[in-house]
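Asks: what follows is a predicted protein model with its sequence.
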Amino acid sequence: MAAQKKRLLIVNADDCNLTPGVTEAILDCHECGIVSSTTVLINMPADPGALKEVAGAKRLGVGLHLNITFGPPVSSAEEIPSLVSANGEFIREFKNQDAALPLAGHLELEWQRQIDKFKNLFRRNPTHLDTHHQLHDRLFYYEALIRIAEKNRLPVRRSALTVKGPRSSSLPGPLPDAATQTLLGFLNPEKHWTRQGLREALEHLQPGITEVMCHPGRNDPQLRKLSSFQDGREKEWEIFRSREWKNVLARSGIELTHYGLCYNFQQTGKA
């Protein structure tokens, strides 16, 4: 099959390290099913044993879920005052379209600190970058993400901006090419993958690199305190852990991969 005709699939599970149950479900979907990639919330408290298990999953691409909408920052609150509320944690309203924007310098400092923490914990670079709540679908965050990604030589998840094309940008030249041709998934907590929806998506997969974004998770007590997206995570856990999808991919000639295998970036390094 010619390279341009190949259908490559990245199945990325967001929110690794949100809670122990979420991390457990992601690892289960990798071992049993077709999750080939995940992105870690590095600012959240972590069980060293769980992160060691994630790092030790040799076929799993591990990227970074850059976050400024939930939990504590990696930087000190005094360094990034426009990102944090009075309690010293991130301002959750940043996820809303009409929220006031933080200072770009504070944003990029915090995101760089998250990259550095990832490298210190995993002893390698993340395979790619994306953002919690897909903030980089908005131009301000997209530009900051591209600056950070180019500085660290890392690919990024596709943004709606690379599809629609913003009318103006402070970035020099055209916007960078998207790392994938297609992004499929749901950001609304009221929506989630179904077996039929995933089957149809795989049946109609186009040539090139497609990312399927998913959010499997066990609905543990911590998740019930932290997130409104609960039952949908349980359902996606059941769906994406199923061994049936490996047979579907094999019959369809779809190659399962992750960002670290698709892009020739150095994957070792220390902060």
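Replies: Sure thing, it's come through. Numbering: from 1, shown residues only.
Asks: any regions of the stretch 101-250 of the chain where pLDDT drops low?
Replies: 163-178 (pLDDT under 70).
Asks: show me where it has its helices.
Replies: Using DSSP state H, counting those that start in this stretch, the helices assigned to the stretch 101-250 of the chain run over residues 104-122, 139-152, 160-164, 195-203, 221-226, 231-240, 244-252.
Asks: same list (the ones you listed) but as JSON lines, adding distance to Leu41 and mean neighbour count.
Replies: Quick note: C-beta positions are derived from backbone N, CA and C, even for glycine. Below are those laid out as JSON lines (distance: least, Cβ to Cβ, whole Å; neighbours: other Cβ atoms under 10 Å):
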{"stretch": "helix 104-122", "distance to Leu41": "9", "mean neighbour count": "19"}
{"stretch": "helix 139-152", "distance to Leu41": "16", "mean neighbour count": "18"}
{"stretch": "helix 160-164", "distance to Leu41": "22", "mean neighbour count": "15"}
{"stretch": "helix 195-203", "distance to Leu41": "24", "mean neighbour count": "14"}
{"stretch": "helix 221-226", "distance to Leu41": "11", "mean neighbour count": "14"}
{"stretch": "helix 231-240", "distance to Leu41": "14", "mean neighbour count": "20"}
{"stretch": "helix 244-252", "distance to Leu41": "25", "mean neighbour count": "14"}
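Asks: of all these, which lies closest to Gly56?
Replies: Gly56 lies closest, by Cβ to Cβ, to one member of the helices of the stretch 101-250 of the chain: helix 104-122, at 10.4 Å.
Asks: which of the helices of the stretch 101-250 of the chain sits closest to Leu27?
Replies: helix 231-240 (10.8 Å).
Asks: which residues are contacting the closest one?
Replies: 11, 13, 22, 25, 28-29, 33-35, 189-195, 198, 214-219, 223, 227 (Cβ atoms under 8 Å, 6 or more residues apart in numbering).
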